[in-house]
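*Asks:* Can you look at this prediction? I've put the sequence above it.
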Amino acid sequence: MVRKLGDLAEVLGGELVGSADLVIEGVSPIAEAEPGHISFAENQKVLAKYKETTKAAALIVPKGAEDVGRPHIKVDNPRLAFAQVLKEFSWPADVPPGIHPSAIVHETAELGQNVTVGPGVIVGEGAKIGSGTILMSGCYIGSHTALGEDCLIYPKVCIRERVEIGNRVIIHAGAVIGDDGFGFVSLSTAHVKVPHIGTVIIHDDVEIGTNSAVERGTCGATIIGRGTKIGNLVQVGHNVKIGEHCLIVAMSGISGSAVIGNRVTLAGQSGVAGHLTIGDNSVVAARGLVAGDLRPGSFVSGFPARPHKENMRVIAAQRKLPELLQRLKELEQQVAELMDDDLEN
């Protein structure tokens, strides 16, 4: 798969400097670029560091970049442009079009135009699959579940019954959507299971990572808002409400009935306790545990999470504890010696 530099500049809407006929054979990071590849420098500092050593045939650079030293495309946002170039070189889904003979599609299921159903896929009674959606090998689509158009469902994803999924949703391998929540009534003799008869509603342009789980509501719905991106190994509890354009990073967990506002970031391994509300535009730093409601625009860290600047002061103070303990020990010894002197006098 090759592209000409001029064609890439047209796709990016950037300013081409150099030959439009230069053949680009692939894409690489700037430090590891191979001859014939295109890469990007996000800013002048990165460009200055690598422009003499990178083997890239061409670069994507900021509009104000100078002395690039090779053919390049100037754009407003090099990182975004690089993502667009990666899309140009990406390969199609590894599944032949149409319905594979080994797939089991219930006679009452409704499939739109150009739907791809891979080997071993099961599509349940009354399910609806929108046009252009791809179901890769081993997926399970439960009865009366609806998927929108142009979704990409990777191998061995389980989407259980009566779930609603919008358009252009991507769900990576091994994820489970609509499993029962972790709900029990504890008695002295047993833990009695609470039936979960609600659903999951996933809006347009959501992406869910590998081996993540989104529990159905006990009753009502667990909801993931438009444009939200969820990483690998994330747990979304029953009846959670996640707003639009959030980033939920790998190994995070959200307990039942929590409400996450719009444009919230939960960094890696962070957690949110149940029934809490996190306001719009908040950030929870890596491994932070939210144990109370957060106002919009909060930036917290720590275990339990507190305002980030406060938490940094606490951590800084903790580092001084060995020194402070030694000083305290010395002071105690000095006091003891003074008391002995007083007794002797």
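*Replies:* Yes, it's here.

*Asks:* Tell me what Leu16 is bridged to.
*Replies:* Note on Leu16: beta-bridge partners by DSSP bridges are Ile73.

*Asks:* Verify the stated contact: it with Val61.
*Replies:* No - using CB atoms under 8 Å, Leu16 is not in contact with Val61; the gap is 11.6 Å. Where you see a C-beta, it was placed from the backbone N, CA and C, and this is true even at glycine.

*Asks:* Give me the common contacts of these two.
*Replies:* Counting by CB atoms under 8 Å, 6 or more residues apart in numbering, the shared contacts of Leu16 and Val61 are Ile73.

*Asks:* who has more neighbours, the two?
*Replies:* Val61 (27 against 18; other CB atoms under 10 Å).

*Asks:* Glu310 - that's part of a helix, no?
*Replies:* Yes - per DSSP: H, G, I helix; E, B strand; the rest coil, Glu310 lies within a helix segment.

*Asks:* quick one: it from Ser282, how far?
*Replies:* According to CB to CB, to the nearest Å, Glu310 and Ser282 sit 15 Å apart.

*Asks:* what's the first-to-last distance across stretch 155-165?
*Replies:* Stretch 155-165 has an end-to-end distance of 17 Å (criterion: CA to CA, to the nearest Å).

*Asks:* ok, Ser28 touching Glu34?
*Replies:* Yes - judged on CB under 8 Å, Ser28 makes contact with Glu34 at a distance of 5.6 Å.

*Asks:* Looking at those two, which is more packed in?
*Replies:* For Ser28 and Glu34, the more surrounded residue by other CB under 10 Å is Ser28, and the numbers stand at 18 against 14.

*Asks:* Skip the chain neighbours and tell me the closest residue to that one.
*Replies:* Leaving aside its chain neighbours, Ser28 sits nearest to His37 (4.3 Å; criterion: CB to CB, 6 or more residues apart in numbering).

*Asks:* and for Ser28 and Glu34, which residues touch both?
*Replies:* Common neighbours of Ser28 and Glu34, using CB under 8 Å, 6+ apart, are Ala56.

*Asks:* the helices in the chain, which residues?
*Replies:* Along the chain, the stretches classed as helices by DSSP state H are 5-12, 44-50, 78-89, 308-319, 321-344.

*Asks:* Reformat those helices into JSON lines and put distance to Met251, mean neighbour count and mean pLDDT next to each item.
*Replies:* Converted to JSON lines, those look like this (distance: least, CB to CB, whole Å; neighbours: other CB atoms under 10 Å; pLDDT from 0 to 100):
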{"stretch": "helix 5-12", "distance to Met251": "34", "mean neighbour count": "19", "mean pLDDT": "95"}
{"stretch": "helix 44-50", "distance to Met251": "29", "mean neighbour count": "16", "mean pLDDT": "92"}
{"stretch": "helix 78-89", "distance to Met251": "24", "mean neighbour count": "16", "mean pLDDT": "94"}
{"stretch": "helix 308-319", "distance to Met251": "20", "mean neighbour count": "12", "mean pLDDT": "82"}
{"stretch": "helix 321-344", "distance to Met251": "29", "mean neighbour count": "10", "mean pLDDT": "82"}
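
*Asks:* Turn those helices into TSV, columns for distance to Val176.
*Replies:* TSV is the format used below for the helices of the chain (distance: least, CB to CB, whole Å):
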stretch	distance to Val176
helix 5-12	37
helix 44-50	40
helix 78-89	28
helix 308-319	33
helix 321-344	44
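
*Asks:* Setting aside sequence neighbours, what's the nearest residue to His275?
*Replies:* Ser257 (4.8 Å).

*Asks:* these two touch, right, the one you found and His238?
*Replies:* Yes - taking contacts as CB under 8 Å, Ser257 lies within contact range of His238: 7.3 Å.

*Asks:* more crowded one of the two?
*Replies:* Using other CB under 10 Å, the more surrounded residue of Ser257 and His238 is His238, with 26 against 19.

*Asks:* so who does the more buried one touch?
*Replies:* For His238, the contacting residues are 180-183, 196, 198, 215-218, 222, 256-257, by CB under 8 Å, 6+ apart.

*Asks:* Pull the contacting residues for Leu152.
*Replies:* Neighbouring residues of Leu152 by CB under 8 Å, 6+ apart: Ala93, Thr133, Ile134, Met136, Val169, Ile170, Ile171.

*Asks:* Of these, which belong to strands?
*Replies:* Ile134, Ile170, Ile171 (DSSP state E).

*Asks:* hang on, the earlier thing: from the contacts of His238, which is closest to Ile278?
*Replies:* Ser257 (12.6 Å; CB to CB).
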